[in-house]
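S.K.: Give me the fold of what follows.
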Amino acid sequence: MFSIFRSRVVKHGEQCAQSICDAVVDKEVIMQLILEDIEGASMGNDKAKSFARASGISPKHYQGALNHSRPEVDGPKGIKTFLDQVALKYLPDLDKVAEFRLAATDHIMRFHRIGKYSK
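M.R.: Here you go, the predicted structure:
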């Protein structure tokens, strides 16, 4: 995911993430998205679990985030819903779905200097 030659899936994830970064100015909404995505990653495949561990965000901060969502994130027009819908393009390849979502989450974290990018 971090090699010089990024896959099309990663590029697509980054592009979708940038559209979110350009459109959403509410930092609480962005943080809720990140916490939900990292909690989801912590329950995913090995690559996703590794991403969650390396995120720079403590499990005590993201555990339970999926149970405390808000409409701007997980509602019908929410930003997580948008990413979920775009990720469906990569089904049935669950590895590509995960690659897309991790790339998007990483890009948003980098853009907003969250977690491991906060320094």
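
S.K.: quick one, phi psi at Ser118?
M.R.: With angles defined as degrees, to the nearest 10, Ser118 sits at phi -80, psi -10.

S.K.: State the pLDDT value of it.
M.R.: With respect to pLDDT, Ser118 has a value of 93.

S.K.: Go ahead and flag the most central residue of the chain.
M.R.: Compute the mean C-alpha point of the chain, and by CA atoms, centre = their mean the closest residue is Thr105, 2.6 Å away.

S.K.: I figured it hits Ala41, correct?
M.R.: Yes: between Thr105 and Ala41 there is a contact under CB atoms under 8 Å: 7.2 Å. All C-beta spots, glycine's among them, are computed from the backbone N, C-alpha and C.

S.K.: Overlap in contacts, these two.
M.R.: Residues touching both Thr105 and Ala41 by CB atoms under 8 Å, 6 or more residues apart in numbering: Phe51.

S.K.: longest helix anywhere in the chain?
M.R.: Taking DSSP state H as the criterion, the chain has its longest helix at helix 94-112.

S.K.: helices or strands up against that one?
M.R.: helix 8-23, helix 27-42, helix 46-53, helix 79-87 (3 or more CB pairs under 8 Å, 6 or more residues apart in numbering; DSSP states H and E).

S.K.: Which among these is found nearest to Asp93?
M.R.: Asp93 lies closest, by CB to CB, to one member of the helices and strands packed on helix 94-112: helix 8-23, at 9.0 Å.

S.K.: for the closest one, packing partners?
M.R.: Counting by 3+ CB pairs under 8 Å, 6+ apart, helix 8-23 packs on helix 79-87, helix 94-112.

S.K.: So, low pLDDT: which residues of this structure?
M.R.: Applying pLDDT under 70 to the chain flags residues 1-5.
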